[in-house]
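Colleague: Sequence below, structure please.
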Amino acid sequence: MAVVKDGEQDFKPNKKKTTPEEDELDKRRKKMVPGGLMKAVIRPGAGGDVMPSDGDQVIYHLTIRTLDGVVVQSTRSEFGGKGTPIRQVMGKSKMILGLIEGLPTMLKGEVAVLKMKPELHYGEDDCPVSVPDSFPKDAELNFEIELIEFAKIKVITDDFGVMKKVIKEAQSWENPRDLYEVKARVSAKSGDGQSLTLHTTGEPIVFTFGKSEVPKGLEMGIGTMSRGEKAVIYVTSQYLSQSPLIPSTGGVEEVHFEVELIHFIQVRDVLGDGRLIKRRVKDGKGEFPMDCPLQDSRLRVHYKGMLINEEKTVFYDTRVDNNGQPLEFSSGEGAVPEGFEMCVRLMLPEETSLVTCPPDYAYDKFTRPANVPEGAYVQWEIELLGFEMEKDWTGMNFRAIMDDVEKTKGTGNRLFKEGKYALAKAKYDKILREFNHVNPQDDEEGKEFASTRSLLNLNVAACYLKMGDCRKSIETCNKVLDANPVHVKALYRRGMAYMEAGDYDEARADFNKMMTIDKSSEANAKAALLKLKQTEQEVEKKARKQFKGLFDKKPGEISEVGLDDKISENNNDAQEPLVSSQEEKDIDEDAPPGPPPARMGSFSRLLTGGMNLFKSLGVNRCSIL
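Modeller: Got it, this is the predicted structure:
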């Protein structure tokens, strides 16, 4: 057997992957014949030694003649053309094979004649470019080309109707979008080089992005630019929508806009429905969004709150009403109205923004100042002075990490007690995410880590239960039970979630299993089983009354017995707590106590109970219409 030593085995590089377009071009090239394409230089170029390549936009005049000099087609006005040169993108635009092969051999400013046999121009089988029937496709032709310019281009629309050539690179990477207020210098020429008169000739234009105040193609091009960038935006007629900027574009096939993006003011529709609007009044320091306090942070802001009325009544100003001191608060804790915090998270240090906020994100769900009426829209002028991010666990030892965990968990517990379940859950979830990067170093640390993770998951389950999402609560409890099937607290929490969801058999099984695992949990389990029995009896009683007479009807008849009673009972039932205050007391000392969970809708509970009743009657195929 032959043995090949290291380094002696032949290395075969992987074959380069090709695109379908490249494969198709290779097939076309294989059909080329010797002498099918000949080139004669009429005027040398003056553009150095750089030639066009894939991805370049090429701009050229073209005149096609027969071998005896008869003009067949031309872009030049003196030969019957419109005077507008051709613009195409090498490697992307549909082109005849002779141009694909010939243009990359030319320099800027060069004039050359490419003599092509029919297989190299429109006479090629399955040619991707169509011509009129009168065109002499079967004849050998001369293509006189003047390569005016070529440069890298950004294709903005797939049909090449809007493209951009960068003249000067940007100072940042953020782009304008809908509702941003844009300031730019703009000049325009038609495709044949004629200057066009704009409504604001000589002055920068100011427009709101997305409001159709400039032609559609121009706006699309500006949407790819950043502050300080200069570019030429090529726009064909189908993207030259009417706008105040250009009074008329009739008869113009394309316009070349030279644009310098001076500035834009960030305007954000935060909710996406036009109600919560953040308008940047003064730029901050840094880059959006990397330097924004997107994560929970300690923030310092000055703000002025105003009513949206003719007087712009000021109801609070930190510089006046807070002895000139800024407001300091921690995000993620519900310390300020929701709309206020959502917008501050999108600000840069030293930025000033004007926020317009609807009542449900302002003070209708928050402690309302005395001089702010209920249902009032408000405006806040907010200046973000600075912020401090929460500790990064990178480089911290296990003990320091667990101390930080206790602090964050304590904040979550406080939010839970205040009834801010979503915010509390976010705190617990944050720790659990970060736990994916924590590696205990010994058995003791491992036990503490596993125990803390279980308690955090149970706290998350408690939040889901309070928020009315029983299924998510059950799923979260299962995470704990998958790791430890005899975790009594997880069984209790899952049993309560099952009971709330109307899955009484599963709830009973969890409560009974608690007692077999840990005798000390017997009191809690029995109390839960008692409440479970009472709940089943109440639901069964209501279901029997609701569906009374349902099975006495003939096929096709629908009983209406008890409909009025159902509505009345449902309204009364909505006032009854599902669990008594004693039973609601959490057996997990690390999971915070709180008010009764957000309850399943009365009809949903009744429906679940009714289905259980049907099962007990042996009717398992009953359809409720």
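
Colleague: make it CA atoms for all contacts and neighbour counts henceforth
Modeller: Noted.

Colleague: In this protein, where is pLDDT below threshold?
Modeller: Along the chain, the model assigns pLDDT under 70 to residues 1-16, 47, 201, 249, 548-625.

Colleague: the domain parsing of it - what is it?
Modeller: Following the TED database, one finds the domains of the chain at 25-151, 162-265, 270-388, 398-536.

Colleague: looking at those, which is closest to residue 543?
Modeller: domain 398-536 (10.3 Å; Cα to Cα).

Colleague: which residues in the stretch 201-350 of the chain form helices?
Modeller: 216-222, 318-321, 338-344 (DSSP state H, counting those that start in this stretch).

Colleague: Can you pull the phi/psi pair for residue 532?
Modeller: phi -60, psi -40 (degrees, to the nearest 10).

Colleague: Contact partners for the residue nearest to residue 297 when sequence neighbours are not counted?
Modeller: Nearest residue to residue 297 in three dimensions, chain neighbours excluded: residue 389, at 4.6 Å (Cα to Cα, 6 or more residues apart in numbering). Applying Cα atoms under 8 Å, 6 or more residues apart in numbering to residue 389 gives the contacts 293, 295-298.

Colleague: If we use 7 Å, what do you get?
Modeller: Residues in contact with residue 389 (Cα atoms under 7 Å, 6 or more residues apart in numbering) are 296-298.

Colleague: Now list the buried members of these.
Modeller: 296-298 (16 or more other Cα atoms under 10 Å).

Colleague: where does residue 193 fall, helix, sheet strand or coil?
Modeller: Secondary structure, DSSP: H, G, I helix; E, B strand; the rest coil: residue 193 is coil.

Colleague: let's number from 322 now, not from 1
Modeller: Okay, using 322 as the starting number, the last item reads as residue 514.

Colleague: so what's it closest to, chain neighbours aside?
Modeller: Closest to residue 514 by Cα to Cα, 6+ apart is residue 405, at 7.9 Å.

Colleague: how far away is the one you found from residue 380?
Modeller: 10 Å (Cα to Cα, to the nearest Å).

Colleague: One more: residue 724?
Modeller: In terms of Cα to Cα, residue 724 sits 66 Å off from residue 380.

Colleague: Ok, residue 654 next?
Modeller: Following Cα to Cα, the distance that separates residue 654 from residue 380 is 59 Å.

Colleague: and residue 736, helix, strand or coil?
Modeller: helix.

Colleague: thinking again about what came up before, redo the buried ones among the contacts of residue 710 as a markdown table? Include distance to residue 574.
Modeller: A markdown table is the format used below for the buried ones among the contacts of residue 710 (distance: Cα to Cα, whole Å):
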| residue | distance to residue 574 |
| --- | --- |
| 617 | 53 |
| 618 | 54 |
| 619 | 56 |
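
Colleague: before we move on, the earlier item: closest one of the contacts of residue 710 to residue 766?
Modeller: residue 617 (26.9 Å).

Colleague: Now do the contacts for that closest one.
Modeller: If you count contacts by Cα under 7 Å, 6+ apart, residue 617 has them with 651-653, 710-711.

Colleague: Just say helix, strand or coil for the residue of the chain positioned farthest from its centre.
Modeller: What lies farthest from the middle of the chain is residue 389; by Cα atoms, centre = their mean that is 61.2 Å. Assigned by three-state DSSP, the conformation of residue 389 is coil.

Colleague: Residue 360 touches residue 437, doesn't it?
Modeller: No. Contact between residue 360 and residue 437 fails when scored by Cα atoms under 7 Å: they sit 8.9 Å apart.
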